[in-house]
Structure formats: structure tokens, C-alpha cells
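> output the structure for:
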Amino acid sequence: QVQLVESGGGLVQAGGSLRLSCAASGGTFSRYAMGWFRQAPGKEREFVSAISRSGTSTNYVDSVQGRFTISRDNAKNTVDLQMNSLKPEDTAVYYCATSNSYYYRSPTDYYYWGQGTQVTVSS
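Residues are numbered from 1 along each chain as shown. Here you go, the predicted structure:
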């Protein structure tokens, strides 16, 4: 069983930056591809980004491409999401999760989830 804990959320003005971090424990971190999702009130959970087991391959939803960067440190069992040029529409609870492939974008293909961290972007 893998436990995931997100941190780094908060309130930021539009155009600002935040760095989210997800710490994993209870499993072999490098065995899993890792993903970030977000869920805004009244909306479905949405794929944001994913990274391969080695960290050499990444995947982004179009709306964050060029603004967000995913990275991982297998020695520290962490995966980060650097978010720049934030927009009000980025406001959501952000979750990290594990998967078998960084290609996957559906929440049903991810099986261990963190509790989420709130990101609020004011206009």
C-alpha cells in the first residue's frame, strides 16, 4: 500500500507561481508512473500531468502545457508540480496518484491517491 501526501497549495494572485509536492511512502516509488489531477467544485476530476517511472518522459494537458512542469526525485520519493503563470481557472484541489503508465489520463487508470491540496488563484 502506497501512501501519498500532497503539500504546497495555497492562495496566489493570477500570474503567480506555486510548487506542489507529493511525498510517497509504503512502496517502491520508482515502480510507479506518477500523475497530477485537479478537481474544481462541481466539476469532474481532470488530468493535469504525468511522469514516467524514470522521469524522462512527461505528459501534459493542453491547458497547462508551457506553464506547468512535472518532475520527480526517486531518491526522495517525491513528485513535484511547478505551476507558473497561474490563472483563475487553475483553481482546484490538486491530487497526486500512481499509475502503470504516464500515458494514462483517466482517473480510473490511477490507483493510489493522496488527499489533495487546495490551489486558489485570485484574479
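> ok, now which ones touch Ser7?
Going by CB atoms under 8 Å, 6 or more residues apart in numbering, Ser7 touches 20-23, 117. Just so you know, the C-beta spots here come from the backbone N, C-alpha and C atoms, and that holds for glycine as well.
> now do Tyr95
Contacts of Tyr95 (CB under 8 Å, 6+ apart): 6, 36-39, 45, 113-116.
> what does Gly26 give?
1-3.
> show me which of the residues you listed are buried.
Val2 (16 or more other CB atoms under 10 Å).
> avg pLDDT for stretch 32-46?
For stretch 32-46, mean pLDDT is 97.
> export it as CSV, just CAs?
In CSV, the C-alpha atoms belonging to stretch 32-46 read as follows (Å, rounded to 0.1, in the frame of the first residue of the first chain):
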residue,chain,number,x,y,z
TYR,A,32,5.1,3.8,-10.5
ALA,A,33,4.4,6.4,-13.0
MET,A,34,3.0,9.4,-11.2
GLY,A,35,0.3,11.8,-12.2
TRP,A,36,-1.3,15.0,-11.0
PHE,A,37,-5.1,15.7,-11.3
ARG,A,38,-7.3,18.5,-10.2
GLN,A,39,-10.9,18.9,-9.4
ALA,A,40,-12.8,22.2,-9.2
PRO,A,41,-16.1,22.5,-7.4
GLY,A,42,-18.9,20.9,-9.4
LYS,A,43,-16.6,19.5,-12.0
GLU,A,44,-15.1,16.1,-12.7
ARG,A,45,-11.5,15.3,-11.8
GLU,A,46,-9.3,16.4,-14.6
